[in-house]
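Enquirer: how would this look folded up:
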Amino acid sequence: MPVTLTGFREEVKEELLRIMDYWVSYTPDKEHEGFYGRIDKDNVPDKNADKGIVVTSRILWTFSAAQQLFPNKEYPVLAKQAYDYLVKYFIDNQYGGVYWSVAADGSPKEIKKQLYGHSFAVYSLSEYYKITKDETVLKNAIGIFSKIVEHAYDKVNGGYIEAFERDWQNTTEYILSRGEDRKSMNTHLHLLEAFTNLYRVWKDESSKFHLKHSIEMMLKHIIDAKTYRMTLFFTNEWKHTTTTISYGHDIEASWLLWEAAEVLGNEELIKRCRHISIEMAKAAIDGLAADGAINYEYEPETKHLKDNKDWWPQAEAMVGFFNAYQLTGKVHFLDKSEKVWDFIKKYLIDYKNGEWFGAVDAGHTVTASDKMNFWKGPYHNGRSCMEIWPRMKKR
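Expert: Next up is the predicted model:
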């Protein structure tokens, strides 16, 4: 057993608390409600930046989850601030579901019904319910889930349609994709995550069915049974439209899939997902660079490697490889998790101004420096620390 194990655990706890301190100190919007839409590398907020359902939900989830591990009087206050903003400005009271974005003052901006955003709303509301036990919170989570089921669930081909117009009519503009790419790995991965969290707090037959269905769609259509890599985009009938390999998503899915199967409790799927999760982690090793970090993407047809090291794949790799270590007992997986953590400490954590840089290039020069923006919240890096710490405690 590596002598660094205890140190690893204490370091991620310390980093989590640093991350939480940053979001307590810098991100609440002092002029409007909620949280700023963007903060630069020097912690200066863009007071006019749009606010997205994704980052708002990720803030809500993180404060709610952190409160359950390391209670702090500030966390429930800021979780409520995120919740109140989500309910007041993002929920569409006319057609149901949530908007994709609002302006800095809270007025609706992009009002399409993007399922990726809905997944994070359900995910975060389910987590907030855990610390509040407020039935209204659960009702809001179920309400958004019900709109997903009513409009996006494909009863013929399986899976979930990517996006709709505000009134849930069909659209060809999906924000994350367009045209014939009516289904995506990314949306299905986060719907899986959302349904897992909802089922933890609401063991209804509907939530059970859609959690099981999401797992089955991942296994049947999204994860290749030979390569254990995921396809990114599909037509309505699940025809593959891309060959790009996303190393970060593959290693993230490796542990989220296993988590979903465990929460569902279906023994057949637990057995299958255990094997596939391990194989996905093995396949993701190809994405590791010599410095221990995981590369972004690879395009097999052109042999083009995107070797930038963004913050979120590193956070997910740390958890994914540790999960593979737990499932197999193979120390090389633990070593890979620790090496990713070493990379994060050396190149991504901003020890001067707090939080993590968004990305560095292959030479470790910072190429994305925002501490917060439409996509970048405390969810990936905060969650990675919250996953590693209790996993070690259980040993």
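
Enquirer: how far out from the middle of the chain is the longest helix seen in the chain?
Expert: The helix spanning the most residues in the chain, taking DSSP state H as the definition, is helix 5-26. Taking Cα atoms, centre = their mean, to the nearest Å, one finds the center of helix 5-26 at 19 Å from the center of the full chain.

Enquirer: helices and strands around it, which ones?
Expert: Applying 3 or more Cβ pairs under 8 Å, 6 or more residues apart in numbering; DSSP states H and E, one finds that helix 5-26 contacts helix 53-69, helix 74-85, helix 331-343, helix 379-393. To be clear about C-beta, it is placed using only N, CA and C from the backbone, and glycine gets the same treatment.

Enquirer: one more time with 7 Å, if that's ok
Expert: helix 53-69, helix 379-393 (3 or more Cβ pairs under 7 Å, 6 or more residues apart in numbering; DSSP states H and E).

Enquirer: what angle separates it from helix 331-343?
Expert: 40 degrees (axes from the mean of the first three to the mean of the last three Cα atoms, to 10 degrees).

Enquirer: in the sheet, who's paired with residue 170?
Expert: Going by DSSP bridges, residue 170 is paired in beta bridges with residue 164.

Enquirer: got it, and residue 234?
Expert: residue 183, residue 240.

Enquirer: ok, how many other residues are close to it?
Expert: 24 (other Cβ atoms under 10 Å).

Enquirer: so residue 305 sits in a helix?
Expert: No - per DSSP: H, G, I helix; E, B strand; the rest coil, residue 305 lies outside any helix segment and is strand.

Enquirer: how far away is the nearest residue to it once chain neighbours are set aside from residue 245?
Expert: Among residues not flanking residue 305 along the chain, residue 298 sits closest, at 5.1 Å (Cβ to Cβ, 6 or more residues apart in numbering). Per Cβ to Cβ, to the nearest Å, residue 298 is found 5 Å from residue 245.

Enquirer: over to residue 191?
Expert: Residue 191 is 21 Å from residue 245, by Cβ to Cβ.

Enquirer: what helix or strand is the residue nearest to residue 305 on?
Expert: strand 297-299 (DSSP states H and E).

Enquirer: what helices and strands are in contact with that strand?
Expert: Looks like strand 297-299 contacts strand 245-246 (3+ Cβ pairs under 7 Å, 6+ apart).

Enquirer: for the strand it packs on, packing partners?
Expert: So strand 245-246, by 3+ Cβ pairs under 7 Å, 6+ apart, packs with strand 297-299.

Enquirer: neighbouring strands - and their directions - for the strand it packs on?
Expert: By DSSP bridges, strand 297-299 pairs with strand 245-246 (antiparallel), strand 304-306 (antiparallel).

Enquirer: winner for burial among these?
Expert: Highest mean neighbour count among these (mean count of other Cβ atoms under 10 Å): strand 245-246, with a mean of 24.

Enquirer: what's the spacing between it and its chain's center?
Expert: 16 Å.

Enquirer: contacts for it?
Expert: If you take Cβ atoms under 7 Å, 6 or more residues apart in numbering as the criterion, strand 245-246 is touched by 229, 230, 232, 297, 298, 300.

Enquirer: residue contacts, the second one?
Expert: Neighbouring residues of residue 230 by Cβ under 7 Å, 6+ apart: 185, 222, 223, 246, 249, 250, 253.
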